[in-house]
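Chemist: take a look and give me a structure for this.
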Amino acid sequence: MIRNIIFDIGNVLVGYDWRQYLSGFGFAPDKEAVIARAVFGSAEWNELDRGVVPIPELEERFAANAPQYREDILRVFRGCGNCILRRSYAIPWILDLKERGFHVYYLSNYSEYMIDRTRAALDFLPFTDGGLFSCEVKQIKPEPAIFYSLMERYPSILPGESVFFDDVEKNARAASALGFHGIVFRDREQAEAELKKLISSASA
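Modeler: Residues are numbered from 1 along each chain as shown. Next comes the predicted model:
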């Protein structure tokens with residue numbers, strides 16, 4: 001029986017469109033590509049979500065990835081909260097799932113730095129039954145440890161009774177490897193169709 005719905009946040013309950021954000025700076029295409037790799041495509045971005053490395057040190061690491069564009073890299077990074085856009089369906093969907101008897105949680109790679117800058121877009125959080133940000137436990141998906149941390153925080157979450165939606169395939173696969181029903185998220189309609197299939201197969 002499916003009892004729990006667990007959501008990733010970025011590109012699931014909020015839009016995370018760093019490409020559109022970056023294009024707004026008007027950099028030449030070659031320069032934009034270099035800055036994209038230096039910031040959003042870098043290993044340092046994952047470490048931002050993990051929350052272990054201090055922000056000033058991370059800024060220096062981002063800048064070191066393309067020192068010729070240091071000032072622009074810092075400007076892009078310091079405004080990156082503008083990558084996150086509210087999705088209007090988040091609260092209605094959460095409320096609908098809860099009315100249907102599901103418990104709703106979140107599990108997201110998300111930094112304290114970004115939480116502070118995107119609180120308005122995260123206004124759905126109080127409507128959930130709880131969740132976990134990577135920065136709270138210094139772990140990131142797809143590491144199994146972060147899923148265990150979620151289950152430790154909420155002992156009622158049992159993998160076989162829980163669906164996990166994530167837009168990143170490796171994260172959904174990691175959940176499946178631990179016994180969750182890991183599903184790659186594309187849009188709400190697809191997610192609901194997948195959920196319906198799971199419920200039907202479980203009751204067959």
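Chemist: hmm, who's touching the lengthiest helix in the chain?
Modeler: For the chain, the helix reaching the highest residue count under DSSP state H is reported as helix 188-203. Residues from elsewhere that reach helix 188-203, judged by Cβ atoms under 8 Å, 6 or more residues apart in numbering: 1, 2, 5, 89, 93, 163, 165, 181, 183, 185. Just so you know, the C-beta spots here come from the backbone N, C-alpha and C atoms, and that holds for glycine as well.
Chemist: buried set for the helix-or-strand element of the chain with minimal mean pLDDT?
Modeler: Lowest on mean pLDDT, DSSP states H and E among the helices and strands of the chain sits helix 188-203, with a mean of 90. Within helix 188-203, the residues that count as buried by 16 or more other Cβ atoms under 10 Å are 188, 191, 194, 195.
Chemist: the helices in this protein, which residues?
Modeler: Counting by DSSP H, the helices of the chain are 18-23, 29-38, 43-50, 55-64, 70-78, 90-99, 112-117, 134-137, 144-153, 169-177, 188-203.
Chemist: neighbours around residue 5, how many?
Modeler: By other Cβ atoms under 10 Å, the residues close to residue 5 number 24.
Chemist: quick check: which ranges of the protein have low pLDDT?
Modeler: By pLDDT under 70, the low-scoring segments of the chain are 202-204.
Chemist: domain map for it?
Modeler: Using automatic domain parsing, the domain parsing of the chain gives 4-15+84-203, 18-81.
Chemist: which of those domains is buried the deepest?
Modeler: Highest mean neighbour count among those (mean count of other Cβ atoms under 10 Å): domain 4-15+84-203, with a mean of 17.
Chemist: and that one, how far out from the chain middle?
Modeler: 8 Å (Cα atoms, centre = their mean, to the nearest Å).
Chemist: okay if I get the contacts of helix 188-203 as a markdown table plus distance to residue 114?
Modeler: Formatted as a markdown table, those follow (distance: Cβ to Cβ, whole Å):
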| residue | distance to residue 114 |
| --- | --- |
| 1 | 35 |
| 2 | 30 |
| 5 | 23 |
| 89 | 21 |
| 93 | 22 |
| 163 | 25 |
| 165 | 20 |
| 181 | 28 |
| 183 | 24 |
| 185 | 19 |
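Chemist: can you name the two of the residues you listed that are farthest apart?
Modeler: Greatest spatial distance in these: 1 and 89, 25.2 Å, computed using Cβ to Cβ.
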